[in-house]
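[1] Sequence and predicted structure are below.
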Amino acid sequence: MMPTRNLVRMVIANTVRSPRHFVLSAFGIVIGISAFVFLIGLASGVSEVIGKIFPIEQVEVRAPHASLLGKDISKKLDDSVVKLIKQRPEVAEALPRMNLVFPASGYGTFEGQELKFEVGGFADGIDPSFLAGDPKIGKLFKDWEAVEKTGRQKCTPPSRFDYVDDVPAAPKGGAGSAAGAGSAAGSGSAAGSGSAAGAGSAAGSGSGTGTGTGSDAGTDAGSDAGTVAAAGSDAGAGSDAGAVAAAAIDAGAPDAAVVAAGSGSGAGKGSAAPGKGSGAVAAAGSGSGSAVAAAPPKRRKTKAHSLADNPCADPSLYYCDEGDHTCHHRVPVILSPTMIEFYNTQFAPSHSLPQIGELEQFVAERGGFGQMSFEIGLGDTMVAGSNDIIDPSRRRRIQAVVAGISPKALPIGMTMPLEYIRTWNQEFVGDDAAKQYSKIIVTLSNKSRLTIFEQWIIDNGLRLEDSLAGSFATAIFVITMLFFLVSFLIVTISAINIAHNFFMQVSDRRREIGVLRAVGATRTDVRLIVLGEAALIGIIAGAIGVAVAIGAASGVDYLFVHYAPRFPFKPDTLFEFKWWIITGAMAFSTTFCVLGGFLPARKASLLEPAQALAAQ
């Protein structure tokens with residue numbers, strides 16, 4: 001038996017002394033292994049991305065809707081159902097969720113921009129105990145109404161906005177007075193009778209008709225001004241008449257027009273001289289005129305106050321409630337990574353807003369949690385007609401704060417502690433809405449037991465929501481198997497090629513093999529030399545194949561990152577080269593090379609020294 005050290009040295013020397021033989025044997029293996037590593041790494045990377053969007057190990061349990069003669073007879077998801085599910089051996093965790101089942105809207109400011117959004121239908125609640133172990137979220141994600149029942153600080157709710165009064169410009173035509181006075185000058189005849197034409201001004205206010213002697217006063221809250229033309233005679237009694245048209249702004253209806261008219265009569269005195277002469281006649285009468293009244297001042301919002309501006313001791317986390325005038329802890333809200341990803345890739349770029357990386361750093365840079373607060377109008381909505389069932393007198397506003405990011409949050413929407421949702425559902429909808437869960441998210445201990453769990457769910461009158469994760473997982477599995485099959489075929493063909501090359505090499509090296517046998521090499525030694533050369537080719541070719549695959553993947557990633565458009569959950573790499581992929585590729589390559597060299601090695605070991613030397 002040849003010493004191991006000498007055997008290894010001979011294997012290495014034989015392998016490197018024939019570059020042509022090495023290249024012909026290794027080429028197919030390099031191609032096959034590089035394809036195997038590249039394709040399996042791609043499938044693994046894509047599967048990882050999809051797993052972030054749709055957790056493959058999670059399923060959603062719902063109660064199917066059923067009715068009889070118009071009456072809802074559906075099975076209800078309550079605490080008893082949650083308890084049964086938790087007892088199943090396939091279940092690692094059961095997370096009940098309760099939706100907010102009435103209209104609600106949100107309002108806040110972010111980076112100086114006002115944000116308005118719908119909350120009803122996009123919010124749910126979970127038990128805070130599911131996040132108690134999270135060091136970043138657990139300390140804030142609590143039912144603070146239960147924790148702080150007593151000892152709340154008294155406060156006065158601050159104004160939400162700054163206001164300014166818009167004073168309208170004075171109308172053209174001046175302002176009139178409440179009484180109308182007329183003056184006339186005329187010429188009289190020798191008989192003591194004369195005619196007079198006078199011009200007067202009248203002021204009427206409001207709408208209505210008034211009469212008087214010597215003066216006329218109107219009745220309204222507006223003002224008007226105009227001109228009057230009066231005609232009188234000095235036959236002992238003079239009279240004048242006018243019509244006033246006033247367009248005013250009613251204090252109750254600023255856009256309405258008001259018409260006012262006033263009338264009156266008076267006595268005029270005149271003096272006459274015999275013959276022709278002129279006299280002066282003074283007449284007091286009624287005048288009419290028109291004017292546009294000035295509108296009352298209007299209040300206009302100019303600036304929204306920050307929600308952190310309140311009289312509470314810790315305004316970053318507390319707000320002054322408008323109902324009981326005490327300080328309440330803001331409702332903690334968590335968002336999902338899916339929500340943040342959509343914000344970063346879709347909303348932020350289109351509104352010139354900053355992207356959110358680490359939430360803690362993002363909050364600290366903006367002055368604390370007070371800047372991540374917003375209002376929720378319970379019973380209010382931005383959707384016209386959908387809040388008719390909520391009495392306006394019952395609507396109220398509360399405030400919330402973003403407490404963190406968690407995969408347990410609603411994928412698109414927000415999640416709060418369960419008791420807040422339960423209390424509000426009971427307040428605005430009724431007791432039944434506070435007892436029923438909308439769904440139960442079940443995390444399986446083993447994905448392979450999904451079929452067993454699904455059958456149990458059906459037998460209990462429930463159903464599993466169709467999961468996109470399951471569909472994607474199946475598709476990825478099929479694609480991975482296809483990639484594996486392609487790589488297997490390539491490497492198998494390479495192994496056949498190796499066998500052919502080694503058969504040729506054994507024939508070319510018959511004399512060398514005969515000499516080895518003649519100097520004492522055993523059949524096992526000859527077999528190990530040939531198999532060792534095949535194994536070494538497999539190791540080197542496998543390493544080259546892995547390097548080629550990783551290099552090709554890096555090139556694809558570079559093109560993908562720099563030239564592919566950004567989309568939600570766009571990864572930095574499409575590949576994930578797990579340890580078992582690299583190890584499996586090396587073992588795959590070495591094994592197939594050894595299999596390819598087995599028959600040539602057996603043939604070489606069976607050669608007799610004399611026969612091998614005589615053949616030369």
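    That came in fine, so what should we check first?

[2] From now on I want contacts and neighbour counts done on CA atoms only, so please keep to that.
    Will do.

[3] part of a strand, is residue 333?
    Yes: under DSSP: H, G, I helix; E, B strand; the rest coil, residue 333 sits within a strand.

[4] Is it bridged to anything, and to what?
    Residue 333 forms beta bridges with residue 402, as assigned by DSSP bridges.

[5] roughly how far apart are it and residue 380?
    19 Å (CA to CA, to the nearest Å).

[6] Grab the nearest non-local neighbour of residue 491.
    residue 32 (4.8 Å; CA to CA, 6 or more residues apart in numbering).

[7] Tell me how many other residues crowd the one you found.
    28 (other CA atoms under 10 Å).

[8] And residue 47, by the same measure?
    Using other CA under 10 Å: residue 47 sits among 22 other residues.

[9] again with the one 3 residues further on
    Using other CA under 10 Å, residue 50 is surrounded by 17 other residues.

[10] just checking, it touches residue 471?
    No: using CA atoms under 8 Å, residue 50 is not in contact with residue 471; the gap is 10.6 Å.

[11] low pLDDT regions in this protein?
    1, 66-73, 160-308, 359-360, 363-370, 384-389, 466-470, 473, 568, 612-616 (pLDDT under 70).

[12] Walk me through the domains of it.
    4-54+470-614, 62-98+432-466, 102-160+303-428, 167-302 (automatic domain parsing).

[13] can you count the residues close to the closest residue to residue 26 other than its chain neighbours?
    Once flanking residues are discounted, residue 26 sits nearest to residue 541: 5.4 Å by CA to CA, 6+ apart. If you count neighbours by other CA under 10 Å, residue 541 ends up with 28.

[14] Remind me which helix or strand residue 541 belongs to.
    helix 523-563 (DSSP states H and E).

[15] What helices and strands are in contact with the helix or strand encompassing residue 500?
    Here residue 500, judged by DSSP H and E, is contained in helix 468-508. Judged by 3 or more CA pairs under 8 Å, 6 or more residues apart in numbering; DSSP states H and E, the packing partners of helix 468-508 are helix 19-53, helix 579-605.

[16] quick one, which of the ones you listed is nearest to residue 514?
    helix 579-605 (9.2 Å; CA to CA).

[17] What residues sit buried inside that closest one?
    581-582, 584-586, 588-602, 604-605 (16 or more other CA atoms under 10 Å).

[18] Repeat that for stretch 453-463.
    453, 457, 462-463.

[19] Turn those residues into TSV, columns for secondary structure and distance to residue 476.
    Formatted as TSV, the buried residues of stretch 453-463 follow (DSSP: H, G, I helix; E, B strand; the rest coil; distance: CA to CA, whole Å):
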residue	secondary structure	distance to residue 476
453	helix	22
457	helix	26
462	coil	28
463	strand	25
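
[20] quick one: contacts of stretch 323-332?
    Residues outside stretch 323-332 that contact it (CA atoms under 8 Å, 6 or more residues apart in numbering) are 140-145, 152-157, 312, 317-321, 396, 398-403, 416-417, 420.

[21] before we move on, what about stretch 101-109?
    When contacts are defined by CA under 8 Å, 6+ apart, stretch 101-109 is touched by residues 114-121, 306, 373-382, 386-387, 425, 428-429, 433.

[22] same thing with stretch 486-501?
    21, 24-29, 31-33, 35-36, 534, 589, 592-593, 595-600.

[23] Keeping just the C-alphas, turn it into CSV.
    Extracted C-alpha coordinates of stretch 486-501, given in CSV (Å, rounded to 0.1, in the frame of the first residue of the first chain):
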residue,chain,number,x,y,z
VAL,A,486,-31.5,21.7,-15.0
SER,A,487,-28.3,21.9,-12.9
PHE,A,488,-28.5,18.1,-12.2
LEU,A,489,-28.8,17.4,-15.9
ILE,A,490,-25.8,19.6,-16.7
VAL,A,491,-23.6,18.0,-14.1
THR,A,492,-24.7,14.5,-15.1
ILE,A,493,-23.6,15.2,-18.7
SER,A,494,-20.4,16.6,-17.3
ALA,A,495,-19.9,13.4,-15.3
ILE,A,496,-20.3,11.3,-18.5
ASN,A,497,-17.8,13.6,-20.2
ILE,A,498,-15.3,13.0,-17.3
ALA,A,499,-15.8,9.2,-17.6
HIS,A,500,-15.0,9.5,-21.3
ASN,A,501,-11.9,11.6,-20.7
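
[24] Now it: buried residues?
    486-488, 490-501.

[25] just stretch 559-578 next, same as before
    In stretch 559-578, counting by 16+ other CA under 10 Å, buried: 560, 569, 571, 573-577.

[26] before we move on, what about stretch 509-523?
    510-511, 513-517, 521-523.

[27] Now tabulate those in CSV and tack on distance to residue 59.
    CSV is the format used below for the buried residues of stretch 509-523 (distance: CA to CA, whole Å):
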residue, distance to residue 59
510, 65
511, 68
513, 64
514, 68
515, 69
516, 66
517, 67
521, 65
522, 63
523, 61
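
[28] Mark which of the residues you listed are part of helices, please.
    Those of these mapping onto helices are 510-511, 513-517, 523, per DSSP state H.

[29] Among those, which one sits closest to residue 5?
    Looking across those and measuring by CA to CA, the closest to residue 5 is residue 516, at 16.1 Å.

[30] For residue 607, see how far away that closest one is.
    Distance from residue 516 to residue 607, by CA to CA: 11 Å.

[31] again with residue 344
    72 Å.

[32] For residue 156, which three-state class applies?
    coil.

[33] Which phi and psi values does the residue nearest to it when sequence neighbours are not counted adopt?
    Among residues not flanking residue 156 along the chain, residue 325 sits closest, at 5.8 Å (CA to CA, 6+ apart). Reported as degrees, to the nearest 10, the phi and psi values for residue 325 are phi 60, psi 40.

[34] for the closest residue to residue 396 other than its chain neighbours, which residues make a bridge with it?
    Spatial nearest neighbour of residue 396, excluding adjacent residues (CA to CA, 6+ apart): residue 378 at 5.5 Å. Applying DSSP bridges to residue 378 gives these bridge partners: residue 104, residue 396.

[35] ok, residue 378 - how many residues close by?
    21.

[36] residues in contact with it?
    By CA under 8 Å, 6+ apart, the neighbours of residue 378 are 103-105, 395-398.

[37] Of those, grab the buried ones for PyMOL.
    This is the PyMOL syntax for the buried subset of the contacts of residue 378, where burial follows 16+ other CA under 10 Å:
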select buried, resi 103+104+105+397+398
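
[38] Which neighbouring elements make contact with the helix or strand residue 400 falls within?
    Using DSSP H and E, residue 400 falls within strand 396-405. On a contact count with 3+ CA pairs under 8 Å, 6+ apart, strand 396-405 meets strand 331-335, helix 359-365, strand 373-378.

[39] what about the nearest residue to residue 611 once chain neighbours are set aside, distance to residue 607?
    Spatially, and ignoring its direct neighbours in sequence, residue 611 is nearest to residue 514 (7.6 Å; CA to CA, 6+ apart). For residue 514, the distance to residue 607 equals 7 Å [CA to CA].
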